[in-house]
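>>> coords please:
(chains A, B, C and D)
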Number of protein chains: 2
Amino acid sequence: MNLKSRRQYEARARIAKALAHPSRLLILDALADGERCVCELTPLVGADQSTVSKHLAVLRNAGIVEDRKDGVMTYYRVKICCLQGLWQCIESVLKQNFDEQRAAMEV
Amino acid sequence: MNLKSRRQYEARARIAKALAHPSRLLILDALADGERCVCELTPLVGADQSTVSKHLAVLRNAGIVEDRKDGVMTYYRVKICCLQGLWQCIESVLKQNFDEQRAAMEV
DNA sequence: CGTATTCATGGCGATATGGCCATGAAAGAA
DNA sequence: TTCTTTCATGGCCATATCGCCATGAATACG
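A predicted model of the protein is given here:
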């Protein structure tokens, strides 16, 4: 079974937790092809600027994004390169769920 | 940028949310090499049996595990095959965070 | 039959999360 | 300097999550 320590599961869960919000996933998607400032992300998310800032802080604290200050702006960018594989995994779960639901409907 | 719909981000976030708890990650690890009943998982998690049942329900509702009832037991098993890649992504984030922390210490 | 075991669920309290508002710091413009 | 823009943070409230306890359903065993 090779179980890991409680600490390691907590560390993993912190990363997953940072990804567990639709607005943060939208932000990561928007950052996929380059850095964006908060003022660009705010209308995309469609929430208050303070709310977007807090979401970005969650992603930054998890080590998923990093920021660069330029004058009065703060630009955020994705710091990791494996997100694509992560989405594929999640999408495969969603597809399987969808297929099963459809199969259940057709019975 | 190719942003997706709010619904798609919510669907993705539900999957991530189901993974965002150390006890549930421990459970998935324990299920990695085969099915286990609740009575086996409960001492591993170290929580109340009802707590473990609820964690399993979260994973089941997300479509990550499925169950099989045999007599008075319920056996759970992982339903998806891409978890390994997901762990690799999360571990790469953790490793990078750790490396950066160490680098900051050594300055 | 009655009893024991296994598991799921409702309830409840403590804590965490997420949203907006208000505020303040920092940088640039006038 | 004063005003504006950009962003982060504290406060507050509503909601969600998580833990345990208690209970009930279903099956197995005497």
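
>>> is stretch A:57-68 anywhere near DNA strand D?
Yes: legend: contact between stretch A:57-68 and DNA strand D by CB under 7 Å from any atom of the strand is shown at A:57, A:67. The way it works is simple: take the backbone N, C-alpha and C, and place the C-beta from them, glycine included.

>>> can you list the low-confidence ranges for chain A?
Residue ranges of chain A with pLDDT under 70: A:1-2, A:107.

>>> same thing but 90
In the prediction, chain A carries residues with pLDDT under 90 at positions A:1-6, A:33, A:80-98, A:100-107.

>>> neighbours of residue A:44, how many?
By the measure other CB atoms under 10 Å in any protein chain shown, the count of residues near residue A:44 is 16.

>>> for the nearest residue to residue A:61 once chain neighbours are set aside, what are its contacts?
Closest residue in space to residue A:61, ignoring its immediate chain neighbours: residue A:18 at 7.4 Å, by CB to CB, 6 or more residues apart in numbering or on different chains. With contact set as CB atoms under 8 Å, 6 or more residues apart in numbering or on different chains, residue A:18 has these partners: A:24, A:58, A:59, A:61, A:62, A:64.

>>> ok, 6 Å please
A:58, A:59, A:62, A:64 (CB atoms under 6 Å, 6 or more residues apart in numbering or on different chains).

>>> doesn't the second one lie inside a strand?
Same thing as residue A:59. No: under DSSP: H, G, I helix; E, B strand; the rest coil, residue A:59 falls outside any strand and is assigned helix.

>>> so does stretch A:43-60 get close to chain B?
No: contact of stretch A:43-60 with chain B (CB under 6 Å from any CB of the partner chain) is absent, the minimum separation being 6.9 Å.

>>> okay, buried residues for that stretch please.
Judged by neighbour count (16 or more other CB atoms under 10 Å in any protein chain shown), stretch A:43-60 contains these buried residues: A:44, A:45, A:52, A:55, A:56, A:58, A:59.

>>> please state the offset of stretch A:75-86 from the chain centre?
9 Å (CA atoms, centre = their mean, to the nearest Å).

>>> and the end-to-end length of that stretch?
24 Å (CA to CA, to the nearest Å).

>>> check which residues of that stretch are buried.
In stretch A:75-86, counting by 16+ other CB under 10 Å, buried: A:75, A:76, A:78, A:79, A:80, A:83, A:86.

>>> alright, that wraps it up for me.
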